[in-house]
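Visitor: A structural model of the following input is requested.
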Amino acid sequence: MASIRRVYWVLIILLAVPFLAVGARGMQYQGGGPGGPGGGGRRGPMSPDDRLAQMTKDFNLTTDQQAKIKPILADQQKKMDDLRSDSSGDRQSMRSKMMQIQQDTNTQIRNVLDDKPKDLFDKQQQERQQRMRRGPGGPSGQGGYGGDNPPPPPPQN
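Guide: Next comes the predicted model:
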C-alpha cells in the first residue's frame with residue numbers, strides 16, 4: 001500500500017515538473033513575475049480608467065478633475081494605439097511621435113491639477129524619465145543588460 005502511494009507521488013512529481021518549468025520560462029519573456037514600483041509584473045499599457053484610478057489615489061483628484069482628465073487619457077490611448085497599428089513608419093519616428101503624445105498629455109493633465117498635486121506630478125514624471133534612462137533593473141542595474149547580464153534569448157516556439 002505504501003509503495004503504491006510512493007509510485008503515485010513520483011508520477012505526480014514527474015508530470016508536474018515540465019509544466020512548472022514551462023510556466024516559469026513563459027513568465028520570464030512575458031513580463032510576468034513579481035511586480036515592483038514600475039509595474040514590472042504587468043504587460044502592456046494601463047487602460048485610461050486604471051490610470052485615472054491611480055492618479056486619483058496619487059493626487060487626490062476631485063470629481064471635476066477626474067472628469068477633465070479622463071478624456072485626455074482616452075485621447076492619448078487612441079493616438080498611441082493608432083500609432084502602434086500604423087506599421088509604415090520607422091521605429092525612431094514612431095518613438096519620437098509617442099514621446100510627443102506623452103508630452104502633450106502631461107501638459108494637458110498638468111493644467112488641470114492644483115499646485116500641490118502639480119508638484120507631485122512633476123516629481124513623478126522626473127522619476128519616470130530617470131527610470132527610463134537607467135533601463136530595466138533599477139538603480140543597481142540588476143536585471144539590466146550589459147556587463148555580466150546579457151539580454152535573454154528570444155522565445156523558442
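Visitor: residues contacting the nearest residue to Leu61 once chain neighbours are set aside?
Guide: In space, and not counting its chain neighbours, Leu61 is closest to Met55: 6.1 Å by C-beta to C-beta, 6 or more residues apart in numbering. In this view, the C-beta of every residue, glycine as well, is placed from N, C-alpha and C. Met55 is in contact with 61, 69, 109, counting by C-beta atoms under 8 Å, 6 or more residues apart in numbering.
Visitor: taking the residues you listed one by one, which sit in helices?
Guide: Secondary structure defined by DSSP state H assigns 69, 109 of the contacts of Met55 to helices.
Visitor: Now render the contacts of Met55 as a markdown table, adding pLDDT and distance to Gln125.
Guide: Below are the contacts of Met55 laid out as a markdown table (pLDDT from 0 to 100; distance: C-beta to C-beta, whole Å):
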| residue | pLDDT | distance to Gln125 |
| --- | --- | --- |
| Leu61 | 90 | 16 |
| Ile69 | 93 | 15 |
| Ile109 | 92 | 10 |
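Visitor: What is the nearest of the contacts of Met55 to Gln129?
Guide: Ile109 (15.5 Å; C-beta to C-beta).
Visitor: Leu120 is in contact with that closest one, correct?
Guide: No. With contacts counted by C-beta atoms under 8 Å, Ile109 stays clear of Leu120, the gap being 11.9 Å.
Visitor: quick one, which of those two is more surrounded?
Guide: It is Ile109, of Ile109 and Leu120, that has more neighbours when counted by other C-beta atoms under 10 Å, with 22 against 14.
Visitor: Now do the contacts for that one.
Guide: Applying C-beta under 8 Å, 6+ apart, the residues near Ile109 are 55, 69, 72-73, 121.
Visitor: Relative to Arg5, how far out is it?
Guide: Distance, Ile109 to Arg5, using C-beta to C-beta, to the nearest Å: 62 Å.
Visitor: cool, and Asp81?
Guide: In terms of C-beta to C-beta, Asp81 sits 55 Å off from Arg5.
Visitor: Okay, now the unreliable bits of this structure?
Guide: Scanning the chain for pLDDT under 70 picks out 1, 11, 14, 16-44, 136-157.
Visitor: could you redo the last one with a cut-off of 90?
Guide: For the chain, the stretches flagged by pLDDT under 90 are 1-46, 59, 80-99, 114-119, 122, 125-126, 128-157.
Visitor: all helices of it, in order?
Guide: Secondary structure of the chain (DSSP H): helices located at 2-29, 48-59, 63-85, 91-112, 115-134.
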